[in-house]
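Visitor: below are the sequence and a predicted model; questions follow.
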Amino acid sequence: MSETIETATPVAPEQALVVEETGAPQRGFAGQNVPRKEDKRLVQGEGLFVDDIKRHGMGYAHYVRSPYAHANIVSIDVSRAESLDGVYGTLIGEEVAAVTEPFFQISSPPGAHVKDYALALGKVRHVGDPVAIVVAQTRELARDAAELVEVEYEPLPALVDARRALEPDAPLLHDEAGGNLSWSGIYEWGDVDSAFAEADHVVKISELHFDRFNSTPLETDGALVEFNRGTGQWTIYTNNQFPGFAAIMMGPAMRSGLDKLRFVTQDIGGGFGNKITSHPQLVAICLLARKLNRPIQWTEWRTDFHLTMSHGNERWFQDTEVAVTSDGTLLGFRTKAIDDAGAFLRYEPLGGVIWAQVTPGCYRWKHVRLEFTQVMTNKAPVSPNRGYSRMQHLWFTERVIDIVAHELGLDPVEVRKRNYVRADEMPYTTPNGCVYDSGDYARMLDVGLELIGYDRLDERRRDAESRGKLLGFGIGSTLDSGTNNFAQSRLINPELQFSGNNEVATVKLDLFGEVVVTLGTTPQGQGHETTAAMVVADIIGITPDDINVRAGHDSYWNSHAGFSGTYASQFAVTGLGAVKGAAEKLAGEIKKLGSVVLGCGVDDLELAEGHVRMKANPEAALPLMACGAIINANNAGLPEDLDVTLNARYVFRPQFEVPDLERKYGNLTLTYAAQIHVALVEVDPETGVYEVVDYAAVDDCGKRIHPQIVEGQVMGATAHALGAATYETYAYDDDGNLLTPNFYDYHVPHSMDMPPLRTGYIESPSPFTPLGTKGMGEGGGAGIHAVCAALQDALAARGKPIVYDSHNPYHRVWELLQDPEASRSRVEVVAQ
Amino acid sequence: MSAQEPTTSRVVTVEVNGQSYERNVDVRRLLIHFLRDDLDLTGSHIGCDTGNCGACSLLLDGTLVKSCMLLAVQADGGRIETVEGLAAEGELTPMQEAFSAHHALQCGYCTPGMLMSATALLRVNPRPSEDEIRKGLQGNICRCTGYWNIIDAVKAASGQEVASRE
Amino acid sequence: MLLREVEYARPSSVDEALWLLGAHEGARALAGGQTLVNVMKARAASPDVLVDLNRLEDLRRICVSGETLQLGAMATCTQIMGSSEVEVSRPILGEVAAQIADVQVRNRGTIGGNVCSNDPTNHLPPLLVALDATFTVLGPSGERTVPVGEFFLGVYLTAVGEGELLTSIEVPAAGNAADGFASITIGRDGTCIVNAAASLESGSPRIAIGCVDAVPVLIQPAATDEESVRGAVQDARLEPPSDVHASADYRRHLAGVCAVRAVKQAEERGR
């Protein structure tokens, strides 16, 4: 198996991905809605999700969790639990600390000093913090035994409000960190002071709040772990969506080489970023597999997911000031962001820099100052959630432009068009050196306005009024930055040795002509098997049905690299880039072999209809099956120097540099998909209850390989955003109890909750990617931004309240109606 | 009278997708766990603790139910239909085909329950309106699709035309 | 999550069920299970014995007897929605049942279970208060009829005591009666934040407000105009709970709104 590492070569945007045509023309599959390969098994209930996997003699694990938000652990007694018939054993924090190192911390000090183990040690820091695990013969027995574990706690005051975390008398979560600060940094670009001096108006907003929620994938986290005592090999069947990261975190903690951690995934029931930080649980289950000498099965309960897993970053924006000229040009802004990381830093504080991928949002302002402070509180640890950290910031920029327009009496459409980055400025370098590859936001907005029937808005307002309702119109502009340059982590911690990105694929042509593809990714419904097959089909000259793409991920395939996984809107670039590279390599080898067998030059050959054949004489052809047979089983007489194995491995590596750490300047992401959404809401002024009555979503993710899959992602992201806008929140009481620990209180949209949806798209190919594609899927929270804007518009006639929170359940809308002045007091316009 | 004595376990006889099973089962075992763990029918899924998500939906004696809120013993003598029983000899039903054609599934986790609810709906209402489809699927949570494509798929499976969204 | 160990019995007659409920301390009737099984999964309550009522077809009957619509306690929401007796005699019951959760829950959930669990956010208790229903309770010493004013005693608490069984609910049959129901829910057909049922039958309006107290609050304004209704709600001095979905103030406000809307709906029907 040969391997070549090449850097990405840009493709001319208009180049279609078709096999060279002579004789029998062959259409490219890219751009078509090929039936999904995944569907056949999934619609028959034959998918393999982690809880479906069974092993003889396996023990079921049940976690014992803290009922307190903050408490010292005085004692843990597992003896009664262990003596219950059918219980195989237990694990507590002290044992974990004896055989593992604390998890590597991404942060520089003080966050670097946080000690994080797979189970709580000495104290608990959020409701649900795990203190012990019981393993038993059945699920029910494990649950029964868990009740017999006796834990004595000494409750401590809980810190629930991030804004109080740095006060001198705030409860302290991690003694070793000396305070609740995880990380802070100041970002400043352009000439902020001049911008404010030059401005005609300064709009001040005292406080905005982006609420805490996540995507609640329907399948919770889980694993089944086997430990091979003879070889020291762990096999971890799991649904973790970023095995590259999990391995980096787990290996050193477990004092194990990474190759001893084999990750196997097949079908994953949704990820949305929420299945990235399950490494603490995986470590615990690994330790139990070794300790108890049997396979250990763990499936997270829904309640445990809500209590402990992957909340999205909650962020406050304080003391915001916006410099605006009288014609509505935004010059710049200053703000102070306080980010609530919860009790532990698992993927944090990367959130402190990831937002900078989209510093100006969709807009052309050049002068920005953002002070970022991240603190820890007695709440569930956060982790990436669909739109990770960019969504919070993009909501902020969209709120700002909407409030500015609202206060200065500017038209929300015109002010956006005036300030959007323009198509003719692309590729556009942002104030901090990120490069927006392509896009036309103004045109997307026009498409959205047409879809929603913007010219009939007044008519609809009057109609709503006649029914006693207030109609509101709102725009949500957002970006989906994809394919990270992990060097941005050095802006958080200059000592880190991460940079760039990668993904791997292999494509081989086997003995009987089978074409087999393996990926390093861990898809959770994005259709990787299908789109990978489409790309390979176009290059090898066969159909997607001829290609076997192995389902899921397996470390043993060795088709993964340090950043392998499915997260951060990148598969269409990194995954498909790797697939393209491997397929092209294979194609080259097939032609080399064909040239030897057919006695011609490589350039005389083409791949089409399952053959390698001479362009000038298609009858002179070698079927792919013959190629596979020759190399694998019938290779006598081949030239000695024929470097052909028909087994190609390719590592896609986007072109990135390490940013200037001093100026915090440099390209942090390769591609920028965009979404412009428009919402119409009707508010019942008597109750604050509202409904989204019409909705348009316009997206641009560059070249669409499989339009239906792309649209599916747009729709799913929209649904998540609408849920977060109205219903979904992880709300805590003053004692740190989570008030929404299940689907009964944490209401997610059901089918009757969805508005009518209109969709549109444009394609601005990326000049930076192998296929002109851009990663997409996160959606950037466009629905949240649009609903906030629409609500503010709807309520304008009732005292012009300001929408200041990303989450607007009915009771908040009612409050805005009851006391518009209270929200208005957050905003001040100063003329200069 | 022995028939009246409460017990902690019982012998249960069920027919699932046309096949008969007899097992001794703990009374406290939920029907969904009985199917998944005892009968190795892992097509029906679990997504929550509170009976809200519908991933466990199946048909018991022709009635759509959430099997996480039924004890296995309650299904004794009953006839159960799960997703595994839809396609006969690998021949997908029009509903399953429609789901695929309309991209009504992404991760596929809610799909078994969703298919059972959709199948149950068309049995009682062969040509449901869009509102009726939404109501019929109200007990099934999906986090991937936003439901729009699922509703299109059910419409299509019922022989009705599906309008474009663009 | 998972139930504690429990004993189970499946009686084949009402008498057998009653006997089992009386013979075992900590025995609980298992009706639709749409509430009880979840409670047991969370281990918030763990009865020692479950008496499964689901084979007792006698308890599922819906019939009209003279001026009374009689609903067996085990009649499911789906049955109630599809019942021609209900449609003719008191259609509001079917309309409200149709708003409860989803198809799966309605297929198993029973009217008896809904009222006996008496979760303050349930739909049927306030409705039955407005309709002035009566409840037939079977006990070891025979059958008794409980008027609605004495049935709902507290959160999860009703007049059905240990060893007793609710067998049926009686509602005055009043076809095209002027009934209404209004609610504010968390999402469509979701859990109620506030609900109110109104019945304008027989002179004085009966309005029952749910979600604002341990039991539905009955108010009987002198007249049905908006001012009178709001006044009566105010006079009730409601002290609703505060939770993540609504503050006490907001609930109190919604109570007035729902009461007015329920009355309006009832008036429209009465025409």
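Guide: Sure thing, it's come through.

Visitor: close to chain C, is stretch A:55-74?
Guide: No. For stretch A:55-74, no contact with chain C is found by CB under 8 Å from any CB of the partner chain; the gap never falls below 8.7 Å. Any C-beta I mention is one placed from the backbone N, CA and C, and that applies to glycine too.

Visitor: what about B:Glu15, how many residues close to it?
Guide: By the criterion of other CB atoms under 10 Å in any protein chain shown, B:Glu15 has 15 neighbours.

Visitor: ok, the closest residue to it other than its chain neighbours - contacts?
Guide: The shortest distance from B:Glu15 to any non-neighbouring residue, by CB to CB, 6 or more residues apart in numbering or on different chains, is to B:Arg79 (4.8 Å). Neighbour list for B:Arg79: B:14-15, B:60-62 [criterion: CB atoms under 8 Å, 6 or more residues apart in numbering or on different chains].

Visitor: please list the residues of chain B that sit near chain C.
Guide: Looking at chain C, the residues of chain B close enough under CB under 8 Å from any CB are B:3-8, B:10, B:26-28, B:30, B:49-51, B:54, B:57, B:63-66, B:68-71, B:73-74, B:76, B:117, B:120-121, B:135-136, B:138-140.

Visitor: can you narrow those to ones near chain A?
Guide: Okay, of these touching chain A (CB under 8 Å from any CB), that's B:26, B:28, B:49-50, B:135, B:138-140.

Visitor: circling back: who wins for neighbours among the contacts of B:Arg79?
Guide: B:Val14 (23 neighbours).

Visitor: and that one, what does it touch?
Guide: B:Val14 neighbours (CB under 8 Å, 6+ apart): B:20-21, B:75-80.

Visitor: would you write a PyMOL line that selects the buried entries of those?
Guide: Buried residues within the contacts of B:Val14, by 16 or more other CB atoms under 10 Å in any protein chain shown, are selected in PyMOL with:
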select buried, chain B and resi 75+76+78+80
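
Visitor: what's the single longest helix in chain A?
Guide: When chain A is parsed with DSSP state H, its longest helix is helix A:576-598.

Visitor: so which bits of that one are buried?
Guide: Buried, per 16+ other CB under 10 Å, within helix A:576-598: A:576-587, A:589-596, A:598.

Visitor: which of the ones next to chain A among the residues of chain B next to chain C has the most neighbours?
Guide: B:Asn140 (31 neighbours).

Visitor: SS state for that residue?
Guide: Following DSSP: H, G, I helix; E, B strand; the rest coil, we place B:Asn140 in the coil state.

Visitor: got the phi and psi for it?
Guide: The phi/psi pair for B:Asn140 (degrees, to the nearest 10) reads phi -120, psi 110.

Visitor: look at it and report its pLDDT.
Guide: At B:Asn140, the model reports a pLDDT of 98.

Visitor: and it, what does it touch?
Guide: Applying CB under 8 Å, 6+ apart to B:Asn140 gives the contacts A:750-751, B:53-55, B:57, B:110, B:113-114, B:117, C:102.

Visitor: let's see that with 7 Å instead.
Guide: Under the criterion of CB atoms under 7 Å, 6 or more residues apart in numbering or on different chains, the neighbours of B:Asn140 are B:54, B:57, B:110, B:113-114, B:117.

Visitor: just the residues you listed now: which is nearest A:Val421?
Guide: Distances from A:Val421 to the contacts of B:Asn140, taken as CB to CB, are shortest for B:Cys110 (38.0 Å).

Visitor: tell me which of the contacts of B:Asn140 fall in helices.
Guide: Judged by DSSP H, helices contain the following of the contacts of B:Asn140: B:113-114, B:117.

Visitor: could you dump the residues you listed into a markdown table and include pLDDT and neighbour count?
Guide: Shown next, in a markdown table, are the ones in helices among the contacts of B:Asn140 (pLDDT from 0 to 100; neighbours: other CB atoms under 10 Å in any protein chain shown):
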| residue | pLDDT | neighbour count |
| --- | --- | --- |
| B:Gly113 | 98 | 33 |
| B:Met114 | 98 | 31 |
| B:Ser117 | 98 | 28 |
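
Visitor: so which residues of the stretch 1-150 of chain C form helices?
Guide: For the stretch 1-150 of chain C, the helices defined by DSSP state H, counting those that start in this stretch occupy C:14-23, C:36-41, C:77-82, C:84-89, C:92-97, C:103-108, C:111-117, C:124-130.

Visitor: need the winner for burial among those.
Guide: A comparison of the helices of the stretch 1-150 of chain C by mean neighbour count, using mean count of other CB atoms under 10 Å in any protein chain shown, puts helix C:124-130 on top with a mean of 29.

Visitor: what residues does it touch?
Guide: Residues outside helix C:124-130 that contact it (CB under 7 Å, 6+ apart) are C:92, C:96, C:111, C:114-115, C:118, C:148, C:152, C:169, C:181, C:195-199, C:206-210, C:216, C:218.
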